[in-house]
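[1] Sharing a model that was predicted from the sequence below.
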Amino acid sequence: MADVRASRQLAESRPIKKVVVLGANGTMGYQSGALFAAAGAQTTFLARTRDKARQGRDGAGRAVRSSALTKLIDVGCYSEDLPQAVAQADLIFEAVAENFEIKHEMLELIDRHRRPDSIVATVSSGLSITDLAKSRSESFARNFLGLHFFNPPQVIVGTELIAGQATDPALVDFIDAYSTHKLGRLMVRTANTPGFAGNRIGFKVLNEVCQLAEEYGPLVIDKVVGRYTGRALAPLATVDLVGWDVHQAICDNIYDKVKDEAIETYRMPDYMRRLIAAGTLGTKSGKGFFMRNKGEPLRVLDIKSGEYKDARSIEVPKLPFAEQIIFLNSIGAYKRAMEVFTTAEGKWANLARKVIGGYISYALCRVGEVTESVIGVDSIMAAGFNWAPPSALVEAIGVKSTVKILEDNKLTVPPLLERALKNGTERFFDEPRLSLGKYFVAKS
């Protein structure tokens with residue numbers, strides 16, 4: 001209780017009265033900006049034009065379903081309004097495109113006009129905070145950090161907090177407290193590694209499923225590794241929602257800068273690169289793995305031809321084991337559901353176990369690298385991705401059975417599991433803020 005009281009006091013110790021959002025016409029820009037306005041800060045949305053900034057303000061109102069919120073949001077454009085807006089801001093929130101050169105150029109402009117004591121945060125989903133601060137002033141580097149909201153932030157509360165090499169530790173503590181108590185976030189401090197924690201783990205799984213889609217087809221693979229495996233949205237539907245271009249930026253960044261046991265799962269399929277170049281970007285372009293037009297049947301990408309087919313014409317395998325798992329999840333029998341998952345026979349059950357086993361192995365092998373403890377990994381996968389946290393899956397499956405799944409699929413057994421097996425540990429998941437029932441989904 002004393003820690004909570006101290007954290008609340010810290011959140012009040014530094015007033016954040018004026019916030020500037022750059023890139024406010026983008027989805028993450030205006031949705032994140034809505035959080036600051038809802039916390040009572042006078043917020044200025046900046047974009048290349050005032051019309052685009054106004055579109056962002058309208059989007060913020062829709063995102064939180066409050067037209068009254070827009071009264072706290074001013075709008076402007078970079079060419080005319082940035083210098084004065086940035087000079088007056090207590091916190092400058094950069095949400096331009098996930099491209100190092102674009103961000104670096106914008107941060108240089110911010111540094112030129114900001115007050116020496118203002119806070120600068122980037123919503124980057126995996127670029128190096130230390131590298132982004134290079135060539136900036138000393139006060140900029142000291143007051144710069146990553147504040148990575150997940151999409152949509154008004155629904156998903158998990159948020160990564162990333163310090164650069166020169167970031168003031170006191171600032172990290174303050175932003176942690178401010179984001180927790182003023183913005184309603186569940187904060188996870190992560191290392192400044194490519195992809196940070198959530199994307200490093202999550203996009204390993206997402207891109208692996210993109211690779212598998214070339215062999216099995218999008219509709220089939222999204223059913224085999226569907227929501228019943230512990231996620232709010234099936235993997236390829238998630239990639240469509242995130243955006244294929246964003247998916248490419250994250251995977252390429254990690255693939256270029258990381259060397260680990262599963263790095264080949266980050267290699268973007270060639271078919272996706274070709275389609276991205278032709279304008280296929282997922283939901284925002286109207287087509288991705290799936291094409292959903294109001295009043296029309298679902299259409300699914302045929303990867304070989306590049307055409308879209310009526311989903312009703314595609315043969316999808318029956319998965320009796322998945323239906324049984326869904327039923328057991330619906331009555332809260334999570335361990336029994338995982339027994340079915342562990343023991344089910346056949347090609348599709350084996351494939352599902354390989355992907356989920358890969359998720360557990362990779363996530364738990366990152367403990368100590370991307371977060372200090374397993375709680376950090378569990379928290380960001382649960383509260384950031386809306387996926388069943390890896391430790392919860394281990395506890396439901398059982399340590400011995402989990403290790404067998406990993407060994408059967410020639411996956412690395414994390415030291416954490418080796419110790420648990422040796423010590424006879426069965427109680428594995430320990431995060432009272434997270435409800436297991438939310439992640440063991442009773443849907444296909």
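    Everything's here; your move. The structure presented is a predicted model; accordingly, all values stated were derived computationally and were not measured.

[2] Give me the domain ranges for this protein.
    As recorded under automatic domain parsing, the domains making up the chain are 2-190, 198-268+317-438.

[3] Does residue 148 belong to a helix, a strand or coil?
    Following DSSP: H, G, I helix; E, B strand; the rest coil, the label given to residue 148 is strand.

[4] excluding its backbone neighbours, what's nearest it?
    Nearest residue to residue 148, sequence neighbours excluded (Cβ to Cβ, 6 or more residues apart in numbering): residue 160, at 4.0 Å. (C-beta placed from N, C-alpha, C; glycine too.)

[5] From residue 362, how far off is that neighbour?
    Separation of residue 160 from residue 362 (Cβ to Cβ, to the nearest Å): 17 Å.

[6] in what helix or strand does the residue nearest to residue 148 lie?
    Using DSSP states H and E, residue 160 falls within strand 158-163.

[7] cool, and residue 120?
    strand 119-122.

[8] returning to what we had before: need the contact list for the residue nearest to residue 148.
    By Cβ atoms under 8 Å, 6 or more residues apart in numbering, residue 160 lies in contact with 146-148, 188-190, 196-198, 380, 384.

[9] quick one: which of those residues is nearest to residue 176?
    Closest to residue 176 out of the contacts of residue 160 is residue 189 (7.0 Å), distances taken as Cβ to Cβ.

[10] residues near the closest residue to the closest one other than its chain neighbours, how many?
    Counting by Cβ to Cβ, 6+ apart, residue 189 lies nearest to residue 161, which is 5.0 Å off, once chain neighbours are set aside. Residue 161: 22 surrounding residues under other Cβ atoms under 10 Å.

[11] Can you name the residues bridging to residue 161?
    residue 147, residue 189 (DSSP bridges).

[12] Now for it: which residues touch it?
    145-148, 172, 175-176, 179, 187-190.

[13] can you tell me the helix or strand for residue 359?
    Assigned by DSSP H and E, residue 359 falls in helix 347-365.

[14] ok now that helix, how far from the chain's centre?
    For helix 347-365, the separation from the chain centroid amounts to 19 Å (computed by Cα atoms, centre = their mean, to the nearest Å).

[15] what's in contact with the helix or strand just after that helix?
    Later in the chain than helix 347-365, the nearest helix or strand by DSSP H and E is helix 374-383. Helix 374-383 has contacts (Cβ under 8 Å, 6+ apart) with 156-158, 160, 186, 188-190, 197-198, 201-202, 363-364, 366-367, 370-371, 387-392, 416, 429-431, 433-434, 438-439.

[16] want to throw the domains of the chain into a markdown table with mean pLDDT and distance to residue 290?
    Output for these, formatted as a markdown table (pLDDT from 0 to 100; distance: least, Cβ to Cβ, whole Å):
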| stretch | mean pLDDT | distance to residue 290 |
| --- | --- | --- |
| domain 2-190 | 95 | 18 |
| domain 198-268+317-438 | 94 | 6 |
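
[17] among those, which is nearest residue 300?
    For these, the distance to residue 300 is smallest for domain 198-268+317-438, at 4.8 Å, taking Cβ to Cβ.

[18] Tell me the one of the contacts of residue 161 nearest residue 227?
    If you rank the contacts of residue 161 by distance to residue 227 using Cβ to Cβ, residue 188 comes first, at 23.2 Å.

[19] Isn't the closest one up against residue 158?
    Yes - assessed by Cβ atoms under 8 Å, residue 188 is found in contact with residue 158 at 6.6 Å.

[20] the more surrounded of those two?
    Neighbour count, other Cβ under 10 Å: between residue 188 and residue 158, residue 188 has more, with 27 against 23.

[21] For that one, give its distance to residue 160.
    Distance from residue 188 to residue 160, counting by Cβ to Cβ: 6 Å.

[22] Spit out the residues that contact those two alike.
    By Cβ under 8 Å, 6+ apart, the residues touching both residue 188 and residue 160 are 197-198, 380, 384.

[23] thinking again about what came up before, just the angle for the strand holding residue 160 relative to helix 374-383, thanks.
    Comparing the axes of strand 158-163 and helix 374-383 via axes from the mean of the first three to the mean of the last three Cα atoms, to 10 degrees yields an angle of 130 degrees.

[24] next one: strand 158-163 to chain centre, how far?
    The chain centre lies 11 Å from the centre of strand 158-163; the measure is Cα atoms, centre = their mean.

[25] swap in stretch 91-99?
    Centroid displacement of stretch 91-99 relative to its chain, using Cα atoms, centre = their mean, is 16 Å.

[26] what do you get for stretch 383-402?
    Offset of stretch 383-402 from its chain centre (Cα atoms, centre = their mean): 18 Å.

[27] Cool, thanks, talk later.
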